[in-house]
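# Could you work out the structure for the sequence below:
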Amino acid sequence: MIRWFRAYTASDDPHVSACNTIAMVIAWNQPYYPLYLWWIVGSDARVGIPDAFSGLLFAAVPAIARRSSLLGRIAMVVFSVANVVFCSMMLGEAAGVQLLFLPCGMLAAILFTWRERFVMVAMTSLPLVAWLLTRGRLDRPPVRFPVDAYASLFTLNAVSAGALMVFFGWMLAGINRGVSVRPDHTNRI
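Residues are numbered from 1 along each chain as shown. The predicted structure follows:
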């Protein structure tokens, strides 16, 4: 299994390799989200079941990146932002899911090179634009939870956002290491 994972996420480009690894970690974690919800809100967690299937989108990112490294990285950011919007619709804004737009922006910033700066600007803007367009419009979830459940969901999503940002920082360190050891790479600004 580990050998397959390494082969599936491998790329000579450290940005693509990081993107693929992040995508697979998220894909692996998506099916557990309804379980976290069940622990907090009980049977009303059924509203989160569709999100478990979003893991399939993230699992497809390495395959997309094999065809086009740029398209794979764009897909990663777009899938991430779309997932935040969808979960916000299902849980409501009080759940704090929109905090996950922050790691989406960070992800977009680390996945693209300086030569791809126009794509980087578009992708780093996407979470902000999505937040501005959805702010105050996603507070009609299919199920309303008790106030204490929303507090717990907010904490869960705040911790998730922080953990993702730390993980992305580790991946950025790996990208920097990969770029610095490539003999054909020049650091032009």
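# Buried residues in stretch 85-93, which are they?
85, 87-93 (16 or more other CB atoms under 10 Å). Every residue, glycine included, has its C-beta placed from N, CA and C.
# Next: stretch 148-162.
149-150, 152-154, 156-157, 160-161.
# Pull up the gap between the residue most central in space within the chain and Pro127, please.
When the chain is reduced to its mean C-alpha position, the nearest residue by CA atoms, centre = their mean turns out to be Ser80, at 4.0 Å. Ser80 is 8 Å from Pro127, where distance means CB to CB, to the nearest Å.
# Now the residue nearest to the centre of the chain. Nearest residue, chain neighbours left out?
Cys104 (4.7 Å; CB to CB, 6 or more residues apart in numbering).
# surely that neighbour meets Leu126?
Yes: if you go by CB atoms under 8 Å, Cys104 and Leu126 touch, sitting 7.4 Å apart.
# list the helices and strands the helix or strand of the chain with the lowest mean pLDDT packs on?
Averaged element by element with mean pLDDT, DSSP states H and E, the chain has its least confident helix or strand at helix 2-9 (a mean of 84). Here helix 2-9 touches helix 14-29, going by 3 or more CB pairs under 8 Å, 6 or more residues apart in numbering; DSSP states H and E.
# Output the helix it packs on in CSV with nothing but the alpha carbons.
Output of helix 14-29 as CSV, limited to C-alpha atoms (Å, rounded to 0.1, in the frame of the first residue of the first chain):
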residue,chain,number,x,y,z
PRO,A,14,8.4,19.1,-6.1
HIS,A,15,5.2,21.3,-6.4
VAL,A,16,3.3,18.5,-8.1
SER,A,17,4.6,15.9,-5.6
ALA,A,18,3.5,18.0,-2.7
CYS,A,19,0.1,18.6,-4.4
ASN,A,20,-0.4,14.9,-4.9
THR,A,21,0.5,14.0,-1.3
ILE,A,22,-1.8,16.7,0.1
ALA,A,23,-4.6,15.5,-2.2
MET,A,24,-4.2,11.9,-1.0
VAL,A,25,-4.0,12.8,2.7
ILE,A,26,-7.2,14.8,2.3
ALA,A,27,-8.9,12.1,0.3
TRP,A,28,-8.0,9.6,3.0
ASN,A,29,-9.5,11.8,5.7
